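# I would like the atomic coordinates for the input below:
(chains A, B, C, D, E, F, G, H, I and J)
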There are 10 protein chains.
Amino acid sequence: MLFAVTMDVHLPPDMDPDVKADILAREKAYSQQLQKSGVWPHIWRCAGRYSNLSVLDVKDNQQLHDVLSQLPLFPYMTIDVTPLATHPSDIALLEEGS
Amino acid sequence: MLFAVTMDVHLPPDMDPDVKADILAREKAYSQQLQKSGVWPHIWRCAGRYSNLSVLDVKDNQQLHDVLSQLPLFPYMTIDVTPLATHPSDIALLEEGS
Amino acid sequence: MLFAVTMDVHLPPDMDPDVKADILAREKAYSQQLQKSGVWPHIWRCAGRYSNLSVLDVKDNQQLHDVLSQLPLFPYMTIDVTPLATHPSDIALLEEGS
Amino acid sequence: MLFAVTMDVHLPPDMDPDVKADILAREKAYSQQLQKSGVWPHIWRCAGRYSNLSVLDVKDNQQLHDVLSQLPLFPYMTIDVTPLATHPSDIALLEEGS
Amino acid sequence: MLFAVTMDVHLPPDMDPDVKADILAREKAYSQQLQKSGVWPHIWRCAGRYSNLSVLDVKDNQQLHDVLSQLPLFPYMTIDVTPLATHPSDIALLEEGS
Amino acid sequence: MLFAVTMDVHLPPDMDPDVKADILAREKAYSQQLQKSGVWPHIWRCAGRYSNLSVLDVKDNQQLHDVLSQLPLFPYMTIDVTPLATHPSDIALLEEGS
Amino acid sequence: MLFAVTMDVHLPPDMDPDVKADILAREKAYSQQLQKSGVWPHIWRCAGRYSNLSVLDVKDNQQLHDVLSQLPLFPYMTIDVTPLATHPSDIALLEEGS
Amino acid sequence: MLFAVTMDVHLPPDMDPDVKADILAREKAYSQQLQKSGVWPHIWRCAGRYSNLSVLDVKDNQQLHDVLSQLPLFPYMTIDVTPLATHPSDIALLEEGS
Amino acid sequence: MLFAVTMDVHLPPDMDPDVKADILAREKAYSQQLQKSGVWPHIWRCAGRYSNLSVLDVKDNQQLHDVLSQLPLFPYMTIDVTPLATHPSDIALLEEGS
Amino acid sequence: MLFAVTMDVHLPPDMDPDVKADILAREKAYSQQLQKSGVWPHIWRCAGRYSNLSVLDVKDNQQLHDVLSQLPLFPYMTIDVTPLATHPSDIALLEEGS
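From the prediction side, this is the model:
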């Protein structure tokens, strides 16, 4: 089940550089582990902003919340969630029907 | 080059049923042609709304505008465009670097 | 899987009374059928507005969209969807753990 | 008398961990006491956000304010309140009328 | 129990004058009946706008909705509701305590 | 001359308790003095929020500003002002005309 | 007593030209009469928009509402009102004090 | 003197095709005449929307309003105006200073 | 050439009193110098808010920016600028034409 | 490929003067290098605000993000991006067609 998720990151400009480097490294590792497992199939940078647009593939709302709330950057993020369904014009439906 | 595009459709409730059926059929055909050609790699329905979230893959801003402004439903849509770039945590970068 | 759904209804003031009566009767019947089946466990009127706050219990985002987009009033509604998860303070968790 | 209440929590990222643990423990205890007493019949996590959607059952606006303003997290919350009434399509009305 | 209610009226400029005169007369009569009964203790015009700020005194949310949804102008209004409680600085509390 | 005034209070969560107690005591005394003098005829708590809705009765805009800007909590408030006039449906007009 | 008033005009594009010419002529005459009487000391066009920023000088909120609600374009306007007071840096205060 | 101007066009979907063709032809001719005269140095399409971002070079606010309010599409546009000044990092300043 | 300028001031509540007194004194002196020179013909306090509505009379956008950006309170202000033109109903036009 | 970019700068008022001077010098040098290279063809100050409107000329979204995210002031900016295409009324098209 897919969700579009927009994550806007707001780090305090005076954040300690070591703390920042550590949290960013953990964020990257956590994201990549989820990408490899198939839970996080798409991640794009929104050009010009410290934000990403992602698509998550989870089994239910509970897993969606668990995955997002464990992001190391979660306390610094504004997150917007949109549940996605199949679009009736999607050509994948043609293939299924063939 | 990828763009996230949100399209919200606002059809007048008293639209003539034949006109509506015709425009929706042309919209679907147009979208599916672009999906097959690779220009419209993702289209999802936003659950509960007459809206879609799409990702378009175009060579430049001009093609993006040409593709969107020729949508049969374009006069009835509110469209929001976000240019996308590669996210530094994207595991596709790991594969490229290998 | 639960979703909070807010539905704001905007009927044109000059709507034909018979058309209006028919659509409202079909809306009510459709809603009550879903309430009885367990898909629509809560529906409340937002006091002072032509709006409701509902909780839907569906198996996935697809069913959520199918249920909402078939509402007879769907073309006249502005719909806002919030996916819900279990709150860690919910006393239902205490009972489960007992 | 029911109210829908959305509570968005904004804790400063540099909050002292002990202070934070204490306030969250008191918040949980306070919420669970009200759930058990019937004043707080529903609490759901909004997936992906540090927010909850709750339904409170109070005797009047005064009790609503008293309950909410005594939340240990109240100084850190943005709260939105919607008074709820019975929806005319609610099947509970059918049962009452039988 | 008090509620602050803001009502913004949007009449179509081409409304039939007789229809308009009739609905405004019924609105006035309905409002004055409620004022006399004590349910609508305050009504003020917001200067420069076709809006009013009112205070309603009802026994619960249900009565609030019933009163507002029966306004002849209800289909032409945007309504905002704020539940009110006693303010701890209100001098009425001093008198009660005396 | 009446004005509706909404005051939203934003105190820093880490405010010194003594400073806070002092400013709140001065705010209460100042408000009650104005209530007794007839300048501040109504003050209500907005249920669930650290906000009040008040009605001030002043001789002109200048007095309105002087009264509000001397509030001890003024530096911590977001204030919204609506000038009020007599509503043509107000039953007080009936009495005047009798 | 001064008020800043912003008036945004929204005329339907298909308005009958004679009706439009008549209403605009009446609006202009009404405005100029009030300017000559001193009630409407300033009127400026907001460049690039069908809007004006005005300053009205009235004796109270009631006169402000009466003047604005009698504008021939009132049913087509969105109006925003800001009550004005003397600014402590205004050099007019220096002259008064001399 | 430069102004950035964003123009969003909202044509009714059921506009008569001949009327629409005529107004668009006049809009294009008017715009191109101003571009040739140097008053409208930049016009760009905002990709995916029926909008343009333009830069106008006028002698004062009055000319800005006159130019914009005479656009054939003016009654169908929402216009946003930003006055522009020289940026202190503009390399044109280096050249001037040489 | 006239511009309407709204300036909202946001001073940190814990600002050093001497620093605050100094900046406010410099702001007042700077404003009064510009008022005397004719560049700042109107300044009004927005009643109930730490804001002013001003009208500036400058020769071009560049002077507007230079004047505003040198305000001692500029780093603490949110500024909104509206370019003004002559309104066709302004009675000053009648006098000019006589 | 052109993008309109609005950059609003929010520096903390208590920023260390040397840190501020350094970051502003680096910002200016970086911007001027990009202007000279043709990547940043337009930069204007938005009059009265600590903001600029720029046009960037990049080969794709990726370069747009790389250029913007390396701005020394990037952590202090709110950035808004609009992809631009050729406008069909642009007289440059006439010249191309000749």
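
# list the buried ones in the longest strand along chain A?
In chain A, with assignment by DSSP state E, the single longest strand is strand A:77-86. Within strand A:77-86, the residues that count as buried by 16 or more other Cβ atoms under 10 Å in any protein chain shown are A:77, A:79, A:81-86. (Each C-beta comes from the backbone N, C-alpha and C, glycine too.)

# quick one, strands of chain A?
A:2-9, A:42-46, A:51-57, A:77-86.

# what is the orientation angle of the second one with strand B:42-46?
Just to be clear, that refers to strand A:42-46. Following axes from the mean of the first three to the mean of the last three Cα atoms, to 10 degrees, one obtains 90 degrees for the angle between strand A:42-46 and strand B:42-46.

# Show me what from chain A comes close to chain B.
By Cβ under 8 Å from any Cβ of the partner chain, the part of chain A that sits against chain B consists of A:2, A:4, A:27-28, A:31-32, A:35-36, A:43-48, A:52-53, A:82-91, A:94.

# which helices and strands does the helix or strand of chain A with the lowest mean pLDDT pack with?
Within chain A, no helix or strand scores below helix A:91-97, which has a mean of 82 by mean pLDDT, DSSP states H and E. Where contact means 3 or more Cβ pairs under 8 Å, 6 or more residues apart in numbering or on different chains; DSSP states H and E, helix A:91-97 is packed against helix B:17-37.

# can you do 10 Å?
Helix A:91-97 sits against strand A:77-86, helix B:17-37, with contacts defined as 3 or more Cβ pairs under 10 Å, 6 or more residues apart in numbering or on different chains; DSSP states H and E.

# residues making contact with that helix?
For helix A:91-97, contacts defined as Cβ atoms under 10 Å, 6 or more residues apart in numbering or on different chains pick out A:86-87, A:90, B:31-36, B:40, B:43.

# Show me which residues of it are buried.
Neighbour-count burial for helix A:91-97 [16+ other Cβ under 10 Å]: residue A:91.

# Which residue lies nearest the spatial centre of chain A?
Centrality entry for chain A: nearest residue to the mean C-alpha point is residue A:54, 4.2 Å, by Cα atoms, centre = their mean.

# Bridged to it, which residues?
Counting by DSSP bridges, residue A:54 is bridged to residue A:5, residue A:43.

# quick one: it from residue F:90, how far?
Residue A:54 sits 55 Å away from residue F:90, going by Cβ to Cβ, to the nearest Å.

# Ok, residue A:34 next?
Taking Cβ to Cβ, one finds residue A:34 at 62 Å from residue F:90.

# cool, residue A:35 as well?
Taken as Cβ to Cβ, the span from residue A:35 to residue F:90 is 64 Å.

# if we can go back for a sec, now render the buried residues of strand A:77-86 as TSV, adding pLDDT.
Listed next are these as TSV, based on pLDDT from 0 to 100:
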residue	pLDDT
A:77	98
A:79	98
A:81	98
A:82	98
A:83	98
A:84	98
A:85	98
A:86	98
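
# which ones are touching residue A:16?
Residue A:16 neighbours (Cβ under 10 Å, 6+ apart): residue A:22.

# Give me the phi and psi for it.
Here is the backbone geometry of residue A:16 (degrees, to the nearest 10): phi -60, psi 130.

# Quick check, residue A:9 in contact with residue A:20.
No. Assessed by Cβ atoms under 10 Å, residue A:9 is found out of contact with residue A:20, at 11.1 Å.

# These two: which is more packed in?
Neighbours per residue, other Cβ atoms under 10 Å in any protein chain shown: of residue A:9 and residue A:20, the larger number sits with residue A:9, 15 against 12.

# The more buried one - nearest residue in space that isn't next to it in sequence?
residue A:50 (4.7 Å; Cβ to Cβ, 6 or more residues apart in numbering or on different chains).

# Chain E versus the one you found, what's the distance?
35 Å (Cβ to the nearest Cβ, to the nearest Å).

# now swap in residue A:19 and tell me
From residue A:19 to chain E the distance is 41 Å (Cβ to the nearest Cβ).

# How about the contacts made by that residue?
A:11, D:14.

# and what of the one 5 residues further on?
Contact partners of residue A:24, counting by Cβ under 10 Å, 6+ apart, are A:9, A:11, A:72-73, B:88-89.

# Only whichever of those are buried, select them in PyMOL.
The buried residues among the contacts of residue A:24 can be selected in PyMOL (16+ other Cβ under 10 Å) with this line:
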select buried, (chain A and resi 11+72+73) or (chain B and resi 89)
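
# dump the residue contacts of the closest residue to chain H within chain A.
Nearest to chain H, among the residues of chain A, is residue A:47, at 12.9 Å (Cβ to the nearest Cβ). Taking Cβ under 10 Å, 6+ apart, we find residue A:47 in contact with B:1-3, B:82-86, J:3, J:5, J:58, J:60-69, J:79, J:81, J:83.

# do the same with residue A:65
Contacts of residue A:65 by Cβ under 10 Å, 6+ apart are A:58, A:81, C:83-87, D:45-49.
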